[in-house]
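> any chance you can model this:
(2 chains)
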Number of protein chains: 2
Amino acid sequence: MDHDDVLRDGEVAVPPPAAADAGLEFIGTIHSPWTSRTETPRQGSADGPTFRIEVFEPWVAAVEGMEVLERLEVLYWLHLSRRDLVRQRPGNDEGELRGTFALRSPLRPNPIGTSIVTLDRIDGANIFVRGLDCLDGTPLLDLKPAWGR
Amino acid sequence: MDHDDVLRDGEVAVPPPAAADAGLEFIGTIHSPWTSRTETPRQGSADGPTFRIEVFEPWVAAVEGMEVLERLEVLYWLHLSRRDLVRQRPGNDEGELRGTFALRSPLRPNPIGTSIVTLDRIDGANIFVRGLDCLDGTPLLDLKPAWGR
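Model (predicted):
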């Protein structure tokens, strides 16, 4: 769990999502130097450490052509996050109380994380990038070229 | 289906994803002027039409605090897309053949679309934005503040 089980002052939870409208397959794993949320930075940096994104079969063939990209968008599943908060107090108990959609907190009805990262190199099923901020073992959902944002 | 059932020259499909590792709840609907993929632009524009994003209960309380945001990230489910292509020829039969992760095509193992949009206004459960490119009736997965990208 990425948040105390006890709600912070003013936080509001609803019944958890039914999570039955569509299903996801974990297509890889993100290998990260961060093993606990307390040591993980709030936003990744292009100057930060290299992360290895491991793509599982049968999706390795889908990596072909990525080597020319400079920036990628990575989608991952925030597997430790509770999904029932509609209003939350992020960071610490002194954070401002806000609706979940006004925050990039990992606690959300569909806990999908998105990051724009810099491509370092590709070695077969392994994609090395900089600029991520997720925990070691985070399940991979998707990789795409970043728009020119 | 967002693609001919018949594979284009050189395209490769694999068995479809098990889609059983995690479940999604559709938390709203995107109301769009585009009703077929052929009339939908490849990328939304801030000068383009206004889209209405309708948030379902019990998630409307999670909208609180979004009114101060200028740019949002919208995540949605590409509900018409096949999920089994690892190598594809986008756009038309003359497009270049590439791995799925080297493309922003809607055809992907986990067909999640992401867009950065400009917030126009909020009226209760309805969030009006510009810069989307998805079809009318697309299921909503998440809303977050955009990073300063």
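> might you report the residue contacts of the residue lying closest to residue A:50 once chain neighbours are set aside?
Excluding the flanking residues, the one nearest residue A:50 by Cβ to Cβ, 6 or more residues apart in numbering or on different chains is residue A:128, at 5.3 Å. Glycine gets a C-beta too; all of them are placed from N, C-alpha and C. Neighbouring residues of residue A:128 by Cβ atoms under 8 Å, 6 or more residues apart in numbering or on different chains: A:50-53, A:119-122.
> closest one of those residues to residue A:6?
Nearest to residue A:6 among the contacts of residue A:128, counting by Cβ to Cβ, is residue A:51 at 32.0 Å.
> which residue is the nearest non-sequential neighbour of the closest one?
Residue A:51's closest residue in space is residue A:132 (Cβ to Cβ, 6+ apart), at 4.5 Å.
> on the three-state scheme, that neighbour is what?
coil (DSSP: H, G, I helix; E, B strand; the rest coil).
> so where's chain A shaky on pLDDT?
A:1-4, A:37-44, A:92-94, A:148-149 (pLDDT under 70).
> quick one: the strands in it, in order.
A:12-13, A:22-24, A:28-31, A:50-55, A:71-77, A:85-88, A:98-99, A:112-123, A:126-130, A:138-145 (DSSP state E).
> can you give me the buried ones in the second one?
Within strand A:22-24, the residues that qualify as buried are A:22, A:24, counting by 16 or more other Cβ atoms under 10 Å in any protein chain shown.
> check which helices and strands that strand sits against.
With contacts defined as 3 or more Cβ pairs under 8 Å, 6 or more residues apart in numbering or on different chains; DSSP states H and E, the packing partners of strand A:22-24 are strand B:22-24.
> got a list of what the residue nearest in space to the middle of chain A touches?
Residue closest to the mean C-alpha point of chain A, counted by Cα atoms, centre = their mean, is residue A:113 at 3.1 Å. Neighbouring residues of residue A:113 by Cβ under 8 Å, 6+ apart: A:75-78, A:106, A:134, A:138.
> for beta bridges, what are the partners of it?
Per DSSP bridges, the residues bridged to residue A:113 are residue A:76.
> the one 10 residues further on too?
Here residue A:123 sits in beta bridges with residue A:126, going by DSSP bridges.
> that older thread, I'd like the strands of chain A as TSV, with distance to residue B:85 appended.
Listed next are these as TSV, based on distance: least, Cβ to Cβ, whole Å:
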stretch	distance to residue B:85
strand A:12-13	39
strand A:22-24	17
strand A:28-31	17
strand A:50-55	15
strand A:71-77	17
strand A:85-88	36
strand A:98-99	37
strand A:112-123	20
strand A:126-130	19
strand A:138-145	13
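> separation between residue A:102 and chain B?
Residue A:102 sits 3 Å away from chain B, going by Cβ to the nearest Cβ, to the nearest Å.
> so how many other residues sit close to that residue?
For residue A:102, the neighbour count with other Cβ atoms under 10 Å in any protein chain shown is 23.
> list the contacts for the residue lying closest to it once chain neighbours are set aside?
In space, and not counting its chain neighbours, residue A:102 is closest to residue B:65: 3.4 Å by Cβ to Cβ, 6+ apart. Listed by Cβ under 8 Å, 6+ apart, the contact set of residue B:65 reads A:98-99, A:101-103.
> likewise residue A:106?
Residues counted as contacts of residue A:106 (Cβ under 8 Å, 6+ apart) are A:2, A:78, A:80-81, A:113.
> any quick PyMOL command for the buried ones out of these?
The buried residues among these can be selected in PyMOL (16+ other Cβ under 10 Å) with this line:
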select buried, chain A and resi 78+81+113
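> so which of the contacts of residue A:106 is the closest to residue B:69?
Nearest to residue B:69 among those, with distances taken as Cβ to Cβ, is residue A:113, at 18.3 Å.
> circling back: burial of the residue nearest to residue A:51, as a residue count?
Residues within reach of residue A:132, counting by other Cβ under 10 Å, total 28.
> my guess is it meets residue A:30, correct?
Yes: under the criterion of Cβ atoms under 8 Å, residue A:132 makes contact with residue A:30 at 6.7 Å.
> so residue A:112 touches residue B:140, yeah?
No: counting by Cβ under 8 Å, residue A:112 does not reach residue B:140; the two are 12.0 Å apart.
> what sits in contact with each of those two?
With contacts taken as Cβ under 8 Å, 6+ apart, the residues that reach both residue A:112 and residue B:140 are residue B:75.
> re earlier: and the strands of chain A: which comes nearest residue B:23?
For those, proximity to residue B:23 was assessed by Cβ to Cβ; strand A:22-24 is nearest, at 5.7 Å.
> setting aside sequence neighbours, what's the nearest residue to residue A:142?
In space, and not counting its chain neighbours, residue A:142 is closest to residue A:75: 4.0 Å by Cβ to Cβ, 6+ apart.
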